[in-house]
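>>> Provided below for reference: sequence and predicted model.
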Amino acid sequence: MARYDYRCPNCGRRFEVEHPMGERPAVHCASCGGKAQRVFSASGIHFEGHGFYNTDQRASTETTT
Ligand SMILES: [Zn+2]
């Protein structure tokens with residue numbers, strides 16, 4: 001399994017989804033039910049100078065909120 005960032009174009013919510021590499025499942029926003037789109041410049045691919053620790057923290061706070 002790999003972790004990917006998705007973003008909902010409807011409400012702007014951003015979240016992470018785990019699914020096997022190479023698969024492109026339909027991902028729906030937990031807030032509004034809209035179809036989310038994959039974000040490619042995401043954590044795990046592109047760090048923007050913050051590093052692992054920061055991206056992990058952001059992910060866990062987003063999933064619990
Ligand atoms: Zn949404």
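Yep, it's here.

>>> all contacts plus neighbour counts: C-alpha atoms, from now on.
OK.

>>> bridged to F15, which residues?
Note on F15: beta-bridge partners Y6, judged by DSSP bridges.

>>> check it and give its pLDDT.
With respect to pLDDT, F15 scores 95.

>>> can I assume it is in contact with D5?
Yes - with contact defined as Cα atoms under 8 Å, F15 reaches D5; the gap is 5.8 Å.

>>> contact partners for V27?
6, 17, 35-37 (Cα atoms under 8 Å, 6 or more residues apart in numbering).

>>> ok, of those residues, which come out buried?
Those of the contacts of V27 that meet the buried threshold are 6, 35-37, by 16 or more other Cα atoms under 10 Å.

>>> from the ion, how far off is E16?
Noted for E16: a distance of 13 Å to the ion, by Cα to the ion, to the nearest Å.

>>> what sits closest to M21 if chain neighbours are left out?
A2 (5.9 Å; Cα to Cα, 6 or more residues apart in numbering).

>>> likewise C32?
Per Cα to Cα, 6+ apart, closest to C32 is C11, 7.1 Å.

>>> my guess is the one you found meets A30, correct?
No - C11 is not in contact with A30 according to Cα under 8 Å; the separation is 10.3 Å.

>>> closest one of the contacts of V27 to E23?
Lowest distance from E23 to the contacts of V27 (Cα to Cα) belongs to V17, with 11.7 Å.

>>> quick check: which element contains the closest one?
Using DSSP states H and E, V17 falls within strand 14-19.
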